[in-house]
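Chemist: all I have is the shape, not the residue letters:
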């Protein structure tokens, strides 16, 4: 099993979090994380900014795999549509970089990182800090992105174990 570089993306129309980790067996380490904060303006310009900046992150860090959180619609359908558009831009940037993609529900990510599918933001930030041995808790959107990447690392590890057992 070799080292794999994974980017997690937490899309948003105002703030898109990203987190890059390297995973080898059951060990993960943080490479980079941050947020793309869009400028004020019309949605098309914000989406274009997300696409350009995310493409630059993908080019700089060259991940082999990507993971994105699935859209969760609670009550506000209009917000979900805008979030879906930001998510679409993120998916397009990943596809443009030729990176394979996995998608996880918010509950799956929370369950994987915190052991509770209903964990709150501060719990995710705390667990990401502990799991990746970071000096401080990342900003919430970046922590979510790192959590998505960690979830993917855990899930791909389980898939590899099951594949070996099936052989």
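Modeler: It's in. As the structure is a computational prediction, the values presented were derived from the model and not from experiment. Numbers count the residues shown, from 1 in each chain.
Chemist: CA only for contacts and neighbour counts going forward, please
Modeler: Fine.
Chemist: what are the ranges of the helices in this protein?
Modeler: Assigned by DSSP state H, the helices in the chain fall at 43-61, 77-96, 106-114, 121-132, 140-166.
Chemist: low-confidence bits of this protein, can you list those?
Modeler: Residue ranges of the chain with pLDDT under 70: 1, 73-75, 157, 159-163.
Chemist: rerun at 80
Modeler: Applying pLDDT under 80 to the chain flags the ranges 1, 71-76, 157-167.
Chemist: adding mean neighbour count, write the helices of the chain out as a markdown table.
Modeler: Shown next, in a markdown table, are these (neighbours: other Cα atoms under 10 Å):
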| stretch | mean neighbour count |
| --- | --- |
| helix 43-61 | 17 |
| helix 77-96 | 18 |
| helix 106-114 | 20 |
| helix 121-132 | 18 |
| helix 140-166 | 20 |
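Chemist: between the ones you listed, which one is nearest to residue 10?
Modeler: helix 140-166 (4.9 Å; Cα to Cα).
Chemist: any chance of the helices of the chain in CSV, with distance to residue 13 too?
Modeler: Below are the helices of the chain laid out as CSV (distance: least, Cα to Cα, whole Å):
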stretch, distance to residue 13
helix 43-61, 7
helix 77-96, 5
helix 106-114, 17
helix 121-132, 18
helix 140-166, 12
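Chemist: looking at these, which is closest to residue 20?
Modeler: helix 140-166 (6.8 Å).
Chemist: what is that closest one packed up against?
Modeler: strand 4-10, strand 15-24, strand 27-37, strand 65-69, helix 106-114, helix 121-132 (3 or more Cα pairs under 8 Å, 6 or more residues apart in numbering; DSSP states H and E).
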